[in-house]
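Visitor: can you look at this prediction? I've put the sequence above it.
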Amino acid sequence: MTPTTAHDGARAALLQLLLGELLIGSVGVFVHESGQDPVTAVFYRCLFGGLFLLGWGLMRGHLHGLLQERVLLRGAVLSGVLLVLNWVALFAGMARSSIGVATLVYHFFPFVMLILAALVQGERTRPTDLAWTLLGFAGVVCSTNPARLWRDADPAYLIGIGLTLLAAVLCGASLLMSRQIGKQRPFALVMIQCWVGVAMLAGFSSTGVFHTGPHWGWLLGLGVIHSGIVYVLFYSAYPRLPVVTIAVVAFVYPLVTLLLDYLIYGHRLVPMQLAGLVLIVLGTLGVNLKWRLGWPRGRGVTQNP
């Protein structure tokens, strides 16, 4: 491969990743506009996403020999249960707080992964990583708008924040499991997780959805775009990009979400929440890029899960 070819490949991968982050940033809008409860929204996300991924996987040969990989199948089912419950909790949290606030709180999940990896898997955690985690948690606290909680402890808002934190824990646990089992076949892993969601939620999805209306377009987009196209873009881009690029571009997602939440629903962040966003960004980058406190840039970078 010539340097020009490699450069063009990296550029194309960066554009794919940017497009994927831009698309995933609209997931909250699709859920809200569908008008469905969280369980129903997640069910159709899994159904339409699973169908898309199944078709794409068969066409591209990503599913060859999958049934013989019992460790992957078993792990995909277990992590899929956590992932689906995470989606339900996140969408429920968005409905009770706001899309923007829930997205900020949800971005505590990288720190959850760090903590669980240390507690459950015995991975060594640097003191600086713990410091970045505390900084990120301080950002999460600021993003909940503690002044509002102090003045008006709205039960629905508190429940929304709690559900979103639960979603972050479930997401962190699911991603930690997925990291261990899906390194070689991440595409197949995501497809199985979608079908796990279909099996889990089929009996709990609302029958009120069965009528003609625009909600079908939002639900179809939720599955095909946010659980289909987005993951195809992500997993085709990741192998061709350095971790530092992936970590930085990942923050396009919450920024797009906050912008859409403001433009469409008029939800504006107060200065305290904006400060929380900055702290979450710094904490996440500090952990992912292995920044050392007192050093302007990290000496080493490890692969994202």
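Guide: That came through, no problem. These numbers were taken from a predicted model, which means no experiment stands behind them. Numbering: from 1, shown residues only.
Visitor: following the chain past the helix or strand hosting V39, name the next helix or strand.
Guide: Secondary structure assigned from DSSP states H and E places V39 in helix 38-60. Using DSSP H and E, the helix or strand that follows helix 38-60 in sequence is helix 70-96.
Visitor: show me the contact partners of the next helix or strand after that following helix.
Guide: Per DSSP H and E, the first helix or strand lying C-terminal to helix 70-96 is helix 99-106. Counting by Cβ atoms under 8 Å, 6 or more residues apart in numbering, helix 99-106 makes contact with 28-29, 32, 90, 93-94, 97, 139-140, 143-145, 160-161, 164-165, 167-168, 171, 253-254, 257-258, 260-262, 265, 267, 269, 273, 276-277, 280, all of which sit outside it. To be clear about C-beta, it is placed using only N, CA and C from the backbone, and glycine gets the same treatment.
Visitor: just the buried members of the residues you listed?
Guide: 28-29, 32, 90, 93-94, 97, 139-140, 143-145, 160-161, 164-165, 167-168, 171, 253-254, 257-258, 260-261, 269, 273, 276-277, 280 (16 or more other Cβ atoms under 10 Å).
Visitor: show me what stretch 185-194 is in contact with.
Guide: Contacting residues not belonging to stretch 185-194 are listed as 45-47, 49-50, 53-54, 57, 62-63, 66, 69, 72-73, 75-77, 79-80, 83-84, 178, 181-182, 227, 231-232, 235 [Cβ under 8 Å, 6+ apart].
Visitor: over to stretch 54-69?
Guide: L72, L73, R185, F187, A188, M191, G228, V232.
Visitor: likewise stretch 23-30?
Guide: Contact with stretch 23-30 is made by 94, 99, 102-103, 218-219, 221-222, 225-226, 229-230, 233, 252-257, 259-261, 264, as judged by Cβ under 8 Å, 6+ apart.
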